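[1] compute the structure for the input listed below.
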Amino acid sequence: MKAEVRPLPSDKVLQELAKLFMIEAHDRHVYCVFGPYARLRPFQKRLEEEVNKGNLNTRGQVRYISLNREIVDHMKSRGIYEHASRLADSRRDDEFRNILSQTFRDLITSRIESEGTTGLILADFELLYAYELGGNDISIARQVAINGKRVCLLVPGTMRDGRLWIFDEDPESCREFPEALVFKNSGWVFQLLT
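    Next up, the predicted model:
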């Protein structure tokens, strides 16, 4: 049975995500919730509250990751923030992009592999896309969503011509979200209605 993008109100999306985090996962489980910032921001806040309360922890711990905040925190914990900051300030973009990519990959891998963790909610992709780290780097979410693990992506964007466009509200920033992360035929892609 073919299941396309599911347009639902935020309450229903929360219920569906709760169910998805409860079921047993065997193959790749990547869930995607998208909508304009005006709908996504309140939903993100509510989902983060649910995660913090442990309401999605039926099969193990689910962690909410604000990428903009936690990538910087992860750089600081690894002792590379000052160096990365100097590279960014001096517009040494290629070198900074390499550090950003490595930090993102290390953050996601270490979080999902930590004991007792079964899922990640990833939000706030602005820093990654500002340095053109869209497709290849974000696709690590697909690689780590195996063996009972799952990843949910909260994407500010819209679906056009069967493709998900991130940052659709700003024509200069608009980019296609990695198609490999949008499992439209699984029923795991949700469009926020309210």
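[2] pretty sure V30 sits against E179.
    No. Contact status for V30 versus E179: not in contact, 11.6 Å apart, counting by Cβ atoms under 8 Å. Glycine gets a C-beta too; all of them are placed from N, C-alpha and C.
[3] now the strands for the chain?
    Using DSSP state E, the strands of the chain run over 6-8, 30-35, 61-66, 117-123, 150-160, 163-166, 175-176, 189-192.
[4] need those in a markdown table (columns: distance to S101).
    A markdown table is the format used below for those (distance: least, Cβ to Cβ, whole Å):
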| stretch | distance to S101 |
| --- | --- |
| strand 6-8 | 32 |
| strand 30-35 | 19 |
| strand 61-66 | 16 |
| strand 117-123 | 15 |
| strand 150-160 | 17 |
| strand 163-166 | 17 |
| strand 175-176 | 16 |
| strand 189-192 | 26 |
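[5] save those as CSV, and put in distance to D89, mean neighbour count and mean pLDDT too.
    Shown next, in CSV, are these (distance: least, Cβ to Cβ, whole Å; neighbours: other Cβ atoms under 10 Å; pLDDT from 0 to 100):
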stretch, distance to D89, mean neighbour count, mean pLDDT
strand 6-8, 43, 16, 94
strand 30-35, 33, 24, 95
strand 61-66, 23, 19, 96
strand 117-123, 26, 23, 95
strand 150-160, 27, 22, 94
strand 163-166, 26, 19, 91
strand 175-176, 24, 16, 89
strand 189-192, 36, 22, 94
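[6] show me the one of these that comes nearest T109.
    For these, proximity to T109 was assessed by Cβ to Cβ; strand 117-123 is nearest, at 10.4 Å.
[7] ranges for the helices of the protein?
    10-22, 37-53, 67-77, 81-89, 93-113, 126-130, 135-138, 140-144 (DSSP state H).
[8] and these, which one's lowest on average pLDDT?
    Looking at those, the lowest mean pLDDT belongs to helix 135-138 (a mean of 74).
[9] how much space between N57 and K76?
    Noted for N57: a distance of 27 Å to K76, by Cβ to Cβ, to the nearest Å.
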